[in-house]
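Asker: After the sequence you'll find the predicted model.
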Amino acid sequence: MVPESLRGVPHVAALESAEPGAIVSGKLDRGESTLEIASDRIVAVCRYLHDAEQFDRLADLTAVDWLPAEPRFEIVYHLHSMPRNLRLRLKCRVAGHSAEIESVTSVWRSANWHEREVFDLFGVVFRNHPNLRRIMLPDDWEGHPLRKDYPVYGQKYGYKDQ
Amino acid sequence: MSDYHTTRTVLNMGPQHPSTHGVLRLLLELDGETIVKAEPDIGFLHTGIEKQCEEKTYQQVVPLTDRVDYLANLSNNLCYSLAVERLLGLEIPPMAQWMRVMLTELTRISSHLVWLGTHAIDIGAMSVFLYCFREREDLLRIFEMFSGQRMMTSYFRVGGLALEPPRGWHKPIQVFLDAFAGRLQEYEDLLTANPIWLMRTKGVGVVSAEDLVNLGVTGPMLRAAGLAWDIRKAEPYSSYDKFDFEVPTRTEGDVYARYQVRLDEMRQSERIARQALEGMPTGPWVADAPKVVLPDREKMKTQMEALIHHFKIIYEGFKVPAGEVYQAIESPRGEVGYYVVSDGSAKPYRVHIHGPSFGNLQSTARMIEGRLIADVIASLGSMDFVLGDVDR
């Protein structure tokens, strides 16, 4: 469902007709347009926006943890079109119990490290990612620090244990 | 004898290799001196800044942004402040905006100077480093004069500037800008036509503009490949639209082109800083927002209302309306983006920092695979990454 505020935007209307039903909701806030995309359609949507609407760059990819809401994770894609000087934000909700989404590395190679970072720090698995390993933290690290139920302070080993 | 060509060596470069400028580890698979496969390994400088941001009030996050890209700290201060100001809907007075422009341009010069010095020393031109750091010292003194700090300035805060600009601030900047064109010429004399420099940089590390965009590269590297894209022009912020400057580009896309683009950028930055210096508006240096900006000391000690605001801002911070903003600005390295999500409380719900170095570094493999080991050093240097910016 395309919201009223974004109805007149050409690339949003084009996306709705090319991928009917992929847009779950959207908003225009502080001059930035956001579309929520059904998470099983994300690669098709990105592919379309990249090929047909000149969104040649993935400016950023990250996640937000909305614990205790469910679906818990929000994967946020910041798309950018240099030829048209346009920005667009896409969002997908992913449930905590099966935190998985398709990788968009086939569309933008720059998604590679971003998705590894989200995997590392949020524990969201990207299907069909070429090299899904931890990127910031050591391979044997336990837990995913940017989840809201991961403490900010504290250490695993106190001085007493040593 | 054919066995000679079948053995491949894996070379572990870094994380303490001097030319990686920080703690980058490169795994290079070599066939003789040719690189078959290159894999950067990052994360050695990960300090969990994004997690720490969620525990601080909005204003307390500013010093953390210094530590992300420590060579372009003011660019990061600016980007974060702009993001929060957009969430708040704050109007920043012209004087603060122009001061922000002037100081971020000086930051660009200072950052490019560190890049030029270290890049040249990597390739073997020792003396350029000493020249560059001489000028950088002047700039650090200027930053210290404004903020009290040489590197971790935190001078741009949500709502304007941290402190009133000191008395007589024009003078050192004027002296620096007047001398700078001549100083740039000195670097050019040492490098631009230097045959060794040309042999080490020309035709090295070439990647097409299309590939660079797809790999997430921004900034001078992109402009050296022919794309005249600069956020200062494309999406002007902090009144950049009132300044007259050009976006330097080259089409070769090699290490030498990046060198030329950055040198030209320093000239443009000098031009912008001079315009800001000469046309600096007068007026307040913080926004008129008593619930966000700390009151004047004098008022705080004499007026009850100001005292209450001061107390509330210090103890609780200020509440920011729920919403989200992605603010991008042109840092010396490319697009730095702050994605700030607010849930309506006094602490950011999520701060995501998109560092330009992170995107630029992803092109490493594409840039050096199939080339010689010696080119790795030149290519890495031309990317001008800061590992704090990559790992955060």
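Answerer: Yep, it's here.

Asker: Going by C-alpha atoms from here, please, whenever you check contacts or count neighbours.
Answerer: Fine.

Asker: would you say residue A:126 is within a strand?
Answerer: Yes. Judged by DSSP: H, G, I helix; E, B strand; the rest coil, residue A:126 forms part of a strand.

Asker: Hmm, residue A:132 and it touching each other?
Answerer: Yes. Using CA atoms under 8 Å as the test, residue A:126 is close enough to residue A:132 to be in contact (7.4 Å).

Asker: Counting neighbours, go ahead and name the busier of the two.
Answerer: Per other CA atoms under 10 Å in any protein chain shown, whichever of residue A:126 and residue A:132 has more neighbours is residue A:126, with 21 against 18.

Asker: who are the neighbours in contact with that one?
Answerer: Residues touching residue A:126, when contacts are defined by CA atoms under 8 Å, 6 or more residues apart in numbering or on different chains, comprise A:100-103, A:115, A:119, A:132.

Asker: So which of those residues belong to strands?
Answerer: The strands, defined by DSSP state E, take in A:100-102 from the contacts of residue A:126.

Asker: Mark which of these are buried, thanks.
Answerer: For the ones in strands among the contacts of residue A:126, a neighbour count by 16 or more other CA atoms under 10 Å in any protein chain shown gives the buried set as A:100-101.

Asker: Let's have the ones in strands among the contacts of residue A:126 in JSON lines, adding distance to chain B.
Answerer: Rendered in JSON lines, the data for those read as follows (distance: CA to the nearest CA, whole Å):
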{"residue": "A:100", "distance to chain B": "21"}
{"residue": "A:101", "distance to chain B": "20"}
{"residue": "A:102", "distance to chain B": "18"}
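
Asker: Residues of chain A that sit close to chain B?
Answerer: Counting by CA under 8 Å from any CA of the partner chain, the positions of chain A adjacent to chain B are A:29-30, A:32, A:56-60, A:62, A:64, A:82, A:85, A:108-110, A:113, A:135-137, A:145-146, A:152.

Asker: Would you tell me which residues of the stretch 201-350 of chain B are close to chain A?
Answerer: Applying CA under 8 Å from any CA, one finds that the stretch 201-350 of chain B approaches chain A through B:213-216, B:229, B:234, B:323, B:325, B:337, B:350.

Asker: most surrounded residue in those?
Answerer: Neighbour counts for these peak at residue B:216, which has 26 neighbours (criterion: other CA under 10 Å).

Asker: quick one: buried residues of the worst-scoring helix or strand of chain B on mean pLDDT?
Answerer: For chain B, the helix or strand with the lowest mean confidence is strand B:9-13, at a mean of 85 (criterion: mean pLDDT, DSSP states H and E). Within strand B:9-13, the residues that qualify as buried by neighbour count (16+ other CA under 10 Å) are residue B:13.

Asker: what does that strand contact?
Answerer: Under CA under 8 Å, 6+ apart, the answer for strand B:9-13 is B:25-32.

Asker: picking up where we left off before, the residues of the stretch 201-350 of chain B next to chain A in helices, which ones?
Answerer: Taking DSSP state H as the definition of helices, these contribute B:213-215, B:234.

Asker: which one of the contacts of strand B:9-13 is nearest chain A?
Answerer: For the contacts of strand B:9-13, the closest approach to chain A (CA to the nearest CA) belongs to residue B:25, at 12.1 Å.

Asker: neighbours of the closest one, just the number please.
Answerer: Burial measure for residue B:25: 19 neighbouring residues, criterion other CA under 10 Å.

Asker: just residue A:94 next, same as before
Answerer: Neighbourhood size, residue A:94 [other CA under 10 Å]: 22.

Asker: What pLDDT does the model give it?
Answerer: Residue A:94 is assigned a predicted lDDT (pLDDT) of 90.

Asker: would you list every one of the strands in chain B?
Answerer: Along chain B, the segments classed as strands by DSSP E run B:9-13, B:25-31, B:34-41, B:156-157, B:160-161, B:323-331, B:334-342, B:350-354.

Asker: With chain A instead?
Answerer: With DSSP E applied, chain A shows strands at A:23-29, A:32-37, A:57-65, A:73-81, A:86-94, A:100-102, A:125-127, listed in chain order.

Asker: Figure out which of the ones you listed is closest to residue B:251.
Answerer: strand A:57-65 (19.8 Å; CA to CA).

Asker: Listing partners with orientation, what would you give for the closest one?
Answerer: strand A:73-81 (antiparallel) (DSSP bridges).

Asker: and the least confident of the contacts of strand B:9-13?
Answerer: On pLDDT alone, residue B:32 ranks lowest of the contacts of strand B:9-13, at 82.

Asker: wait, doesn't it sit right on residue B:372?
Answerer: No. The criterion here is CA under 8 Å, and residue B:32 misses it with residue B:372 at 9.0 Å.

Asker: so what's in contact with those two at the same time?
Answerer: Looking at what touches both residue B:32 and residue B:372 (by CA under 8 Å, 6+ apart), there is no common residue.

Asker: The residue nearest to residue A:39 when sequence neighbours are not counted: neighbour count?
Answerer: In space, not counting the residues next to it along the chain, residue A:39 is nearest to residue A:92; the distance is 5.1 Å by CA to CA, 6 or more residues apart in numbering or on different chains. Look at residue A:92: counted by other CA under 10 Å, it has 23 neighbours.

Asker: How about the contacts made by residue A:92?
Answerer: Contact partners of residue A:92, counting by CA under 8 Å, 6+ apart, are A:36-39, A:42, A:74-76.

Asker: If you count neighbours, what's buried in stretch B:232-243?
Answerer: Neighbour-count burial for stretch B:232-243, with 16+ other CA under 10 Å as criterion, is recorded at B:232-233, B:237-238, B:240, B:243.

Asker: and the end-to-end length of it?
Answerer: Taking CA to CA, to the nearest Å, the first and last residues of stretch B:232-243 lie 10 Å apart.

Asker: what distance separates that stretch from the middle of the whole chain?
Answerer: The gap between where stretch B:232-243 is centred and where its chain is centred comes out at 17 Å by CA atoms, centre = their mean, to the nearest Å.

Asker: any idea of the mean pLDDT for that stretch?
Answerer: Computed over stretch B:232-243, the mean pLDDT rounds to 89.

Asker: outside of it, which residues touch it?
Answerer: For stretch B:232-243, the external contacting residues (CA under 8 Å, 6+ apart) are A:85, B:97-98, B:100-101, B:272, B:275, B:329-330.

Asker: could you flag which of those residues are buried?
Answerer: Among the contacts of stretch B:232-243, those classed as buried by neighbour count (16+ other CA under 10 Å) are B:97-98, B:100-101, B:272, B:275, B:329-330.

Asker: What confidence value was assigned to residue A:159?
Answerer: The score at residue A:159 is 66. That number is its pLDDT.

Asker: Counting only helices, which of the contacts of stretch B:232-243 make the cut?
Answerer: Secondary structure defined by DSSP H assigns B:97-98, B:100-101, B:272, B:275 of the contacts of stretch B:232-243 to helices.
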